[in-house]
Structures are given as structure tokens and as C-alpha cells.
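Engineer: Sequence first, predicted model second:
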Amino acid sequence: MLFHVRMTVKLPTDMPAEQAARLKADERELAQRLQREGTWRHLWRIAGLYANVSVFDVPDAQALHDTLMQLPLYPYMEIEVMALCRHPSSVHADDR
Ligand SMILES: O=C(O)C[C@H]1C=CC(=O)O1
């Protein structure tokens with residue numbers, strides 16, 4: 001099942017730089033692993049914002065929730081989720 005997810009990162013302005021750098025490095029490592037595994041299908045920066053638009057491929061909403069909660073930056077993100085289903089006019093056979 002595909003989900004469109006928008007994540008907006010809001011790190012506290014008083015967070016020590018080393019802590020922010022560690023969180024971002026850990027986030028990057030997990031994000032790249034999930035992309036290699038096929039769970040995190042798309043990851044796009046929203047131009048001009050510390051935010052992204054992503055597409056996750058997971059079995060259900062619970063699996064998406066569990067995945068998002070694992071993200072190191074989760075406590076510092078606003079997250080909006082939209083469940084996706086196949087568009088009848090789509091020419092992409094692999095849309096799910
Ligand atoms: O930078 C972001 O948009 C937040 C988060 C998502 C992937 C990643 O590496 O960091």
C-alpha cells in the first residue's frame with residue numbers, strides 16, 4: 001500500500017549543533033536503508049523548506065506508523081499522511 005507523506009522538520013533553535021548533526025546522520029542512515037529495501041520509494045526535498053515529500057510502500061497504515069515512529073527526527077517533525085490508491089487512468093502497471 002502506498003502512502004504520500006509530507007514531513008516538515010522543526011528542530012528546536014537551542015538544540016546543540018552536535019546533537020542535531022547526530023540526529024541528521026542517523027536519520028540519513030535509516031532513510032537510505034529503507035530506500036534500498038523498497039519501503040521508502042520516493043524522497044524529494046520541497047524547494048526552499050526543511051521539508052520533504054515521500055512515498056512509502058508498506059503493508060498497511062500500522063506499518064507506516066511504526067516506520068515513521070522509528071525515524072530519529074520523528075520527535076521534531078510535523079507529518080501529514082495521505083493514503084494512495086491506483087488511478088484508473090494511470091499507465092503505470094506497478095501502481096498499487
Ligand atoms: O531532510 C529531511 O527532509 C528529513 C529526513 C528525511 C530523510 C532524511 O534523511 O532526513
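Structural biologist: It's in.

Engineer: What's the per-residue pLDDT of His92 here?
Structural biologist: On pLDDT, His92 comes in at 82.

Engineer: Please identify the buried residues of the helix or strand hosting Leu30?
Structural biologist: When elements are assigned from DSSP states H and E, Leu30 belongs to helix 17-37. Neighbour counts over helix 17-37 (16 or more other C-beta atoms under 10 Å) mark 23, 27, 31, 34 as buried. Yep, even glycine has a C-beta here, placed from its N, CA and C like the rest.

Engineer: which non-adjacent residue is nearest the residue nearest to the spatial centre of the chain?
Structural biologist: The chain has Ser54 as the residue nearest its centroid, 5.0 Å off, counting by C-alpha atoms, centre = their mean. Nearest residue to Ser54 in three dimensions, chain neighbours excluded: Val5, at 4.7 Å (C-beta to C-beta, 6 or more residues apart in numbering).

Engineer: The one you found bridge partners, please.
Structural biologist: Ser54, Val81 (DSSP bridges).

Engineer: residues from this structure in reach of the ligand?
Structural biologist: Proximity of the chain to the ligand, by C-beta under 6 Å from any ligand atom, involves residues 7, 9, 27-28, 31, 43, 52, 73.

Engineer: Dump those residues to JSON lines, plus distance to Ala17.
Structural biologist: Listed next are the residues of the chain next to the ligand as JSON lines, based on distance: C-beta to C-beta, whole Å:
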{"residue": "Met7", "distance to Ala17": "21"}
{"residue": "Val9", "distance to Ala17": "15"}
{"residue": "Glu27", "distance to Ala17": "15"}
{"residue": "Arg28", "distance to Ala17": "16"}
{"residue": "Ala31", "distance to Ala17": "21"}
{"residue": "Leu43", "distance to Ala17": "24"}
{"residue": "Asn52", "distance to Ala17": "22"}
{"residue": "Leu73", "distance to Ala17": "15"}
